[in-house]
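1. Predicted structure and sequence below. I'll ask about it afterward.
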Amino acid sequence: MHLVADLENLLLDPLPAIEYCLRTTLLEMGYAPSPDRDLSWVVNVPFSDAAITLLADDAPARLDEFTARYQRLFACRGRRAFGLYPGARAAVASLQATHNRHLHYLTHIGPDSAKALLEHYAFRQAVDSIFTAPAPQCRMCRPSLLEKLSGKLREQSGEAIAFASDDPAELALARRMGIHTIGLLYGRSPAPVIRRAQPDLLIESAAGLPTALATLVAEPGRAGAH
């Protein structure tokens, strides 16, 4: 079975990196954010809304400066500050040890950043392929990447394809494409939102990934399509 996922959703927890970059950017712009202030809410709102709240300012020039500073910092240092979701290492080890389990890293961050991320977190040997845009792009390119990758995998083998994500729109697209879907209840989107997307299977942590894949292999008729 081919498993397609963005490892920043599946295995790596972006919240520590997001909080680090937000606090650092605020300090650079003359603010003094409290180290005890909870910033976890920012992952569930548009970035522009989070910026207005954090800056207490909606002046376009100020927002543009904050956004540009944050994005540069995240691209340069942020991805080295991710946490690991509980069970991530064990899940990867299980994939590597199981026959005919192929992990494909789908991302919009470009090949250089994707390779650097895999090396930094020691996941390079576990990944069969990296599928990304030629250069970093926004997340909006991901549906087209998924369509191209799934087509390529189907041409190469008759094995089933599963797509794991914490994005309800991406899960819905994968279902329409006849791909098995695994909803991540521990990602950026609130669990009720992922449940409403009606993926074939749901997992509450990365530790549940091996069992989910085994279920799809053992009972292919219960979900998705080949």
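-> Received the coordinates, thanks. Numbering: from 1, shown residues only.

2. In the protein, mark out all the helices, start to finish.
-> 7-10, 15-28, 47-55, 60-76, 88-97, 111-120, 142-156, 168-176, 191-196, 209-218 (DSSP state H).

3. Verify the stated contact: residue 183 with residue 194.
-> Yes. Assessed by CB atoms under 8 Å, residue 183 is found in contact with residue 194 at 4.3 Å. The way it works is simple: take the backbone N, C-alpha and C, and place the C-beta from them, glycine included.

4. about what we covered before: the helices of the chain into TSV, with extra columns for mean pLDDT?
-> Below are these laid out as TSV (pLDDT from 0 to 100):
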stretch	mean pLDDT
helix 7-10	92
helix 15-28	95
helix 47-55	95
helix 60-76	95
helix 88-97	94
helix 111-120	94
helix 142-156	91
helix 168-176	94
helix 191-196	95
helix 209-218	93
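
5. Format those helices as a markdown table; extra columns: mean neighbour count and distance to residue 104.
-> Listed next are these as a markdown table, based on neighbours: other CB atoms under 10 Å; distance: least, CB to CB, whole Å:
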| stretch | mean neighbour count | distance to residue 104 |
| --- | --- | --- |
| helix 7-10 | 23 | 10 |
| helix 15-28 | 18 | 23 |
| helix 47-55 | 16 | 28 |
| helix 60-76 | 15 | 23 |
| helix 88-97 | 17 | 11 |
| helix 111-120 | 16 | 11 |
| helix 142-156 | 16 | 6 |
| helix 168-176 | 18 | 13 |
| helix 191-196 | 14 | 21 |
| helix 209-218 | 18 | 13 |
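
6. As TSV, the ones you listed with distance to residue 131 would be great.
-> Shown next, in TSV, are the helices of the chain (distance: least, CB to CB, whole Å):
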stretch	distance to residue 131
helix 7-10	12
helix 15-28	22
helix 47-55	25
helix 60-76	20
helix 88-97	17
helix 111-120	9
helix 142-156	4
helix 168-176	14
helix 191-196	23
helix 209-218	19
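
7. quick one, domains of this structure?
-> 2-13+83-222, 15-80 (automatic domain parsing).

8. Quick check: end-to-end length of the last one?
-> By that I understand domain 15-80. Its first and final residues considered, domain 15-80 spans 12 Å by CA to CA, to the nearest Å.

9. Centre of the chain to that domain, how far?
-> From the chain centre to the centre of domain 15-80 is a distance of 19 Å (CA atoms, centre = their mean, to the nearest Å).

10. Find me the pLDDT at residue 224, would you?
-> At residue 224, the pLDDT value in this model is 50.

11. got it, and residue 221?
-> The model's pLDDT for residue 221 equals 61.

12. hang on, the earlier thing: give me the common contacts of residue 183 and residue 194.
-> 166, 171, 202 (CB atoms under 8 Å, 6 or more residues apart in numbering).

13. Export those as TSV, with columns for distance to residue 49.
-> Output for these, formatted as TSV (distance: CB to CB, whole Å):
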residue	distance to residue 49
166	19
171	24
202	28
